[in-house]
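Visitor: I'll drop the sequence and a predicted model, then ask my questions.
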Amino acid sequence: MENIKNRERRIAQELELLKKRQYVSVKELAEMLNVSVMTIRRDLELLRKNHVLERSHGYATLVKSGYGYANDGEVYDLRMARIQNINEKDRVAKYAATLVSPGDWIFLDNGTTVARIVHYLPTDFEFTAVCYNFAILLELLKHPNIKIIFPGGYYHPEDYNFTSSEAVDFIRRHRANKSFLSVSGIHESLGITCINSLLVEHKRAMIASSAVNIIMADSSKFGVVKANHFADISDIDMIITDNKLSPEWQECLSKANIKFKLV
């Protein structure tokens, strides 16, 4: 089986080539990276499923939105984020989906890990999902058993989010059984942070209006601090992460009485 890190490095190279060339044929990519056409096709299909590129007639083209943004001095490339630690994110999302129960109201935050939960949500009973990310909305629409609420607002094509003060008020007026939250950093003393300042109030509203707050994050987010604080560790009820989480962090979460699941 191919080494996961090798695959991630190759996909990063493919993205860089697509940024420079706008569109590239499968055959050209295979020749440039010295791998088989079948390997490139598998990579491109993974990127297509994650809304990073479009495929047509043997060529690959980067999607026009979701290209990332600069916020508070930091550049965030959404397309790269979608393929980093993808196996860990999948395991986190698959477990998170098992926590949804019949009749639930759930809040779905933005983020590349939360976005993956939609592929695993149960289809044999009804529940309600509130979200503000357009890419997540499109995936939810494929599930007839899910009642969808989309508060709306101003569209930000760089990361597919809709934001508005009215949406924040809507979230605060309602109640959810569970919220599934994304983060950019988790720090023991400096709390839970994100890169995009426009989303802080949406995240805070979800936390204030949910009975159970669940963070979905791969282990690379622990010990990291980003610019925008939106919660403290004590605000969180559960964290789902991968099995690479350090023993020190496991002890820290246990002392804070936070339930955590390693997948």
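Guide: It's in.

Visitor: Need the per-residue pLDDT for N228.
Guide: Looking at N228, its pLDDT stands at 93.

Visitor: and it, what is it in contact with?
Guide: By CB atoms under 8 Å, 6 or more residues apart in numbering, the contact set of N228 is 72, 193-197, 199-200. To be clear about C-beta, it is placed using only N, CA and C from the backbone, and glycine gets the same treatment.

Visitor: Can you add distance to C131 and give these back as CSV?
Guide: Written out in CSV, the entries for the contacts of N228 read as follows (distance: CB to CB, whole Å):
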residue, distance to C131
D72, 24
T193, 21
C194, 16
I195, 19
N196, 15
S197, 19
L199, 12
V200, 17
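
Visitor: Lowest-confidence one in the residues you listed?
Guide: Looking at the contacts of N228 by pLDDT, the weakest one is D72, with 54.

Visitor: so how many other residues sit close to G103?
Guide: Counted by other CB atoms under 10 Å, the residues lying close to G103 total 10.

Visitor: Bridged to the residue lying closest to it once chain neighbours are set aside, which residues?
Guide: Among residues not flanking G103 along the chain, F127 sits closest, at 6.1 Å (CB to CB, 6 or more residues apart in numbering). With DSSP bridges as the criterion, F127 is bridged to I146.

Visitor: can you pull the pLDDT of F127?
Guide: For F127, the model assigns a pLDDT of 98.

Visitor: now swap in A70 and tell me
Guide: As summarised for this prediction, A70 has a pLDDT of 52.

Visitor: What of R10?
Guide: Note on R10: pLDDT of 85.

Visitor: That one and A96: what is the separation?
Guide: Relative to A96, R10 is positioned 28 Å away (criterion: CB to CB, to the nearest Å).

Visitor: what does V200 give?
Guide: 22 Å.

Visitor: sorry, back to before: okay, R10 and A96: which has more neighbours?
Guide: Taking neighbours as other CB under 10 Å, R10 and A96 compare with A96 leading, 25 against 18.

Visitor: The more buried one: helix or strand, and which one exactly?
Guide: Per DSSP states H and E, A96 falls inside helix 86-97.

Visitor: which is the next helix or strand following that helix?
Guide: Remark: after helix 86-97, the chain's next helix or strand is strand 105-108, criterion DSSP H and E.

Visitor: list the buried ones in that following strand?
Guide: Within strand 105-108, the residues that qualify as buried by neighbour count (16 or more other CB atoms under 10 Å) are 105-108.

Visitor: my hunch is that L199 is in a helix, does that hold up?
Guide: Yes - counting by DSSP: H, G, I helix; E, B strand; the rest coil, L199 is part of a helix.

Visitor: what's around it, how many residues?
Guide: Using other CB under 10 Å, L199 has 23 neighbouring residues.

Visitor: which SS class is the spatially closest residue to P102 that is not a sequence neighbour?
Guide: Leaving aside its sequence neighbours, P102 sits nearest to F125 (CB to CB, 6+ apart; 4.0 Å). Secondary structure state of F125, per three-state DSSP, is coil.

Visitor: residues contacting F125?
Guide: F125 is in contact with 102-103, 145, counting by CB under 8 Å, 6+ apart.

Visitor: Adding pLDDT and distance to S25, write those out as TSV.
Guide: Below are the contacts of F125 laid out as TSV (pLDDT from 0 to 100; distance: CB to CB, whole Å):
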residue	pLDDT	distance to S25
P102	98	48
G103	98	49
N145	97	40
